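A.B. asks: Make a model of this:
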Amino acid sequence: GTKARVVAADVTAHRASEDEMVDALGWASDQLVKAGITSVHDVGSFPFPRSLRAYRRASQPAQDKQRIFAPRVHVAVAYTGMSAYYGELDVVPRLAAAGMQTGAGDDRVRLGILKMWQDGSLQGHSGAICDPYHDLPDETGMTLMSQETFDRVVSQAADAGIQVGTHGNGDRAIDSILDA
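C.D. replies: Residues are numbered from 1 along each chain as shown. Have a look, this model is predicted:
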């Protein structure tokens, strides 16, 4: 009901406590199961690792509750949130030191990809393109990381057994992703 929507909004806005996240996941599980959905890929829950703990707790049967998070879930790590806190080149070493690599977990909850972004949106003119936007002849968008930094983070992730999934809209951003 209304309470579930408020908690879901708090989860989305990253204000919810871990207990509230677990409750929201229980509600979400009911909706997903009713729709026949058996697995979920959460591409960038945050704040991580609180969201991973919440999924793990929600997937375990509680003594006082019948409901558990029924679908299998792969939880992605949102690189941008962690890099703002730890630094661009410290995210992957921290994940690796904690034993976090793609596939780690159990049959219910597994760690998924390291979710990265290399540009913005084409509608907002922040997607990195080779040729100028037709309506803004001096604008070609922006990449969010230098190629050198992007290459290093992707290399760190590959060495640590962490798969990378990257957002790229513009052709220049996609070239950057493929070059890494």
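
A.B. asks: and the gap between the residue in the chain sticking out farthest from the centre and Q123?
C.D. replies: Farthest-out residue of the chain from its mean C-alpha position, per Cα atoms, centre = their mean: P137, at 33.4 Å. Distance of P137 to Q123, computed by Cβ to Cβ, to the nearest Å: 17 Å. C-betas here are computed from N, CA, C, even on glycine.

A.B. asks: where does this structure dip in pLDDT?
C.D. replies: 1-14, 44-48, 62-69 (pLDDT under 70).

A.B. asks: how about the biggest helix by length in it as CSV, C-alpha atoms only?
C.D. replies: The single longest helix within the chain, with elements called by DSSP state H, is helix 18-34. What follows is helix 18-34, C-alpha atoms only, in CSV (Å, rounded to 0.1, in the frame of the first residue of the first chain):
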residue,chain,number,x,y,z
GLU,A,18,18.6,-1.6,6.2
ASP,A,19,15.5,-2.8,8.0
GLU,A,20,13.3,-0.7,5.8
MET,A,21,15.1,-2.0,2.7
VAL,A,22,14.4,-5.6,3.8
ASP,A,23,10.7,-4.7,4.3
ALA,A,24,10.5,-3.1,0.9
LEU,A,25,12.2,-6.1,-0.7
GLY,A,26,9.5,-8.3,0.9
TRP,A,27,6.8,-6.2,-0.7
ALA,A,28,8.7,-6.1,-4.0
SER,A,29,9.1,-9.9,-3.9
ASP,A,30,5.3,-10.4,-3.6
GLN,A,31,4.7,-8.2,-6.6
LEU,A,32,7.4,-9.9,-8.7
VAL,A,33,6.2,-13.5,-7.8
LYS,A,34,2.6,-12.5,-8.7
